[in-house]
Each structure stands twice: as structure tokens, then as C-alpha cells.
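Chemist: fold the stuff below for me.
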Amino acid sequence: MSNSNYYIELEEEYGAHNYHPLDVVIEKGEGVWVYDVDGNKYLDCLSAYSALNQGHNHPKIKEAMINQLDRLTLTSRAFRNDKLGLFYKKLSDMTGYEMSLPMNSGAEAVETAIKVARKWAYVTKKIPRYKAEIIVAEGNFHGRTTTIISFTTTEEYKYDFGPFTPGFPVVEYGSIEAIKAAINENTAAIMLEPLQGENGIILPPDGYLKAVAEICKENNILLIADEIQTGLGRTGALFASHHENVRPDITVIGKALSGGFYPVSAVLADKYILGLIQPGEHGSTFGGNPLAAAVGIAALEVIEEENLVEKAQKMGDYILEYLEEIPKKNIMDIRGKGLLIGVELKHELGGGTAFC
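Modeler: Presented below is the predicted three-dimensional model:
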């Protein structure tokens, strides 16, 4: 029996089967390469869904984590720590937003953005209490909590998990007319992925996000961009929304915010939005802890110091050009931005895993 089979059997016997991964048991990662327990070497083209934009085991981020582990890992937010303020400032300096609210997972950050948008809707826009709606798009993927799966259009994510949370009209992704038709006096926000990743690297029509931003401005509606997968350099811009010169009212980030070392996410916005949150209204025992802050600062510095935004654009252009030249016998479409690229195979072939 191979080493891989031993570990696979352990997972199958003792773990919940909420994933069906490829039977490759990875034990080490360096840069773009991963190694399995049987000694095989692979080029990692998945990058943990963009959590590893800086590569596996980046030395600077690892050093920051080790140094902080030797000092302080957690206080809860009942106390202040010497890293959180620095993390806030780094996020503000790099992204241009006035404030941030750190969480742990991406889904937590999306839930936080929903709460913040609703707070703004009731306090500032004066929508009748508990009537606020947030428009979302078909094919969305924002996480797997019960609120978020309430508005997924992927049946396997929600089947047998109801009842579901109301207040999320779903419209066709890429359609401006569908958004206009869904807006009413209770619309608080529109939440979108600038480029849909989980749904298959779906790019909306050129100008779509900019048109949505204009509609939001005209109707006093917040634009929330979920940049958890698309943000922090992956698409050849710091945020995918920057490709259309759009600055959303709220941007949600995660994944590459830690370079794969630790769960770190954040909601970014200006004071007129995040400044509405009062002590006790939202929190997290681990959100904003000193270890997360130290890792987050280092991860952001790596993106800047190694010019990862520019490199993603340059290498993405090269890969797309190369892919266009290969035989298309089994390929239906090739699409992407920067280094967020998808190759859609002909559906009758049974999906990409059939070739792995």
C-alpha cells in the first residue's frame, strides 16, 4: 500500500465527507511546487483558490508568524495589542479605504459586510427597520454559512439546509437591466464578485461593474465587492474592480491576506459606513488577533515588495497567449484575467477531474 492510501483511508474513516478531493496527499509546498507523500512533485495551479498568491511557505510571512508566535498570539478584543493598529494602517495605506474590520474566514467577512450594509441602510438611508434588501447575482459564491447559502443558486450547497434567510433578490450576472428591475425603495446594497471564480471563471461584459457602480450612486445604494478570491493581485490588479476604475463602497478580502499561513479576512470601507458600528454590535474572539495582524502585514508587504500585481498581469497574459495556441480538441473555452484563468472542457467529457 502506498503512503497516500494510508492517509486517504484515515480521512475516509474518521472525517466528515464534505469534500471529494483528488487522491493526492500533499506533505510539503515551496513556491509554486507541492510534493506528495510518495515523492511526486506537482505544479500547483490551484493556489488554494487564490489564498497562496505569494506562493507556498513564503519565507518573509513565515518569519513574521514565527516571531509573533514567540511573543503573543491571542488576547481577545477585550484588550488592545501592539499589532492590530499597524495592520489597520497597512490595510488603509495599501487599499485607500479609511477603515477595516478584521475577521477570520472569508464567509465571516461576507456576513460582516452584510451586517454593516444593513446598519448603514437603517441608520443613514432610513430604510424601515428589518426591510433592507441586498441584490446578489446568479452563480454567486460568497461562502457556506446559512445566511449566505440562502441566496446561492447552486442547489447542492443549499439542499436540505433550509429554512433560508430572506432579503436577497437574485439577478442574472452581467445584466444591467436585471439589476435595474430589482431595485426598490428597500434596496440597501448590491453584492457582486467582479469576476466569478467558483462558478467557472465567469467574466461579465466589459463595463458591467462600472455601470453597476453608477446605478448604485444614482440610487443611494452601496456596492459591495467580494474580492476574497479575485483581490490582492490575482487578476493583475490589486482588486479586480480596479480593472474598470471602480472603487466599491465596501470591499471584502481574505485568502491571500495571510498568504496561506493563517485564516485572516477583512471588510474594507470608509468611516461613513464602518464608523456606524458601535462597541458590542459585532465581534470575534480571534478576529484581529496579534498573530493574524502580524501575518497580514507581512503578506501585504510581500505583494508590494515583489511586485506581484504586475507579475500576475504579465504572466497571465503569457499563459493566456500560450493556451490559445494549444490544440482545442477537448477545450470549449479559455478565459480569465491575470493569473485567475479557467479552461472549460467540453461538457460531455465529464469535467476536469476526468483528466487528473
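Chemist: what about the helices in this structure?
Modeler: All helices of the chain, identified by DSSP state H, fall at 3-14, 47-50, 59-69, 84-95, 106-123, 146-149, 155-158, 176-182, 208-218, 271-274, 290-305, 308-325.
Chemist: what helices and strands are in contact with the last one?
Modeler: To tie it back to what came earlier, the one meant is helix 308-325. For helix 308-325, the packing partners by 3 or more CB pairs under 8 Å, 6 or more residues apart in numbering; DSSP states H and E come out as strand 331-337, strand 340-345. C-betas here are computed from N, CA, C, even on glycine.
Chemist: would you reformat the ones you listed as CSV and include mean pLDDT and mean neighbour count?
Modeler: Formatted as CSV, these follow (pLDDT from 0 to 100; neighbours: other CB atoms under 10 Å):
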stretch, mean pLDDT, mean neighbour count
strand 331-337, 96, 16
strand 340-345, 95, 17
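Chemist: distance to residue 348 added to the helices of the chain, as JSON lines?
Modeler: Conversion of the helices of the chain to JSON lines gives the following (distance: least, CB to CB, whole Å):
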{"stretch": "helix 3-14", "distance to residue 348": "29"}
{"stretch": "helix 47-50", "distance to residue 348": "26"}
{"stretch": "helix 59-69", "distance to residue 348": "43"}
{"stretch": "helix 84-95", "distance to residue 348": "44"}
{"stretch": "helix 106-123", "distance to residue 348": "33"}
{"stretch": "helix 146-149", "distance to residue 348": "29"}
{"stretch": "helix 155-158", "distance to residue 348": "21"}
{"stretch": "helix 176-182", "distance to residue 348": "30"}
{"stretch": "helix 208-218", "distance to residue 348": "30"}
{"stretch": "helix 271-274", "distance to residue 348": "47"}
{"stretch": "helix 290-305", "distance to residue 348": "40"}
{"stretch": "helix 308-325", "distance to residue 348": "21"}
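Chemist: now for those helices, which one comes closest to residue 194?
Modeler: helix 208-218 (5.5 Å; CB to CB).
Chemist: just checking, residue 94 touches residue 304?
Modeler: Yes: between residue 94 and residue 304 there is a contact at 7.0 Å, judged by CB atoms under 8 Å.
Chemist: where does pLDDT dip in the chain?
Modeler: 1, 353-356 (pLDDT under 70).
Chemist: repeat that for 80
Modeler: 1-2, 350-356 (pLDDT under 80).
Chemist: out of the helices of the chain, which is closest to residue 191?
Modeler: Taking CB to CB, helix 106-123 is the member of those nearest to residue 191, at 7.2 Å.
Chemist: check which helices and strands that closest one sits against.
Modeler: For helix 106-123, the helices and strands in contact under the criterion 3+ CB pairs under 8 Å, 6+ apart are strand 99-103, strand 133-137, helix 146-149, strand 187-192, strand 222-226, strand 250-253, strand 265-269, helix 271-274.
Chemist: using CSV, write down the CA coordinates of the first one.
Modeler: This points to strand 99-103. Output in CSV follows, covering the C-alpha atoms of strand 99-103 (Å, rounded to 0.1, in the frame of the first residue of the first chain):
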residue,chain,number,x,y,z
MET,A,99,-11.2,51.7,8.0
SER,A,100,-11.2,48.0,8.2
LEU,A,101,-12.9,45.3,10.3
PRO,A,102,-10.8,42.1,10.6
MET,A,103,-12.3,38.6,10.8
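Chemist: hang on, the earlier thing: can you put the helices and strands packed on helix 106-123 in TSV and add mean neighbour count and distance to residue 125?
Modeler: Shown next, in TSV, are these (neighbours: other CB atoms under 10 Å; distance: least, CB to CB, whole Å):
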stretch	mean neighbour count	distance to residue 125
strand 99-103	23	19
strand 133-137	24	12
helix 146-149	18	21
strand 187-192	25	7
strand 222-226	26	9
strand 250-253	27	14
strand 265-269	28	15
helix 271-274	16	11
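Chemist: so what's the nearest residue to residue 128 once chain neighbours are set aside up against?
Modeler: Counting by CB to CB, 6 or more residues apart in numbering, the nearest residue to residue 128 once its immediate chain neighbours are dropped is residue 186, at 7.2 Å. For residue 186, the contact set (CB atoms under 8 Å, 6 or more residues apart in numbering) comprises 127-128, 131-133.
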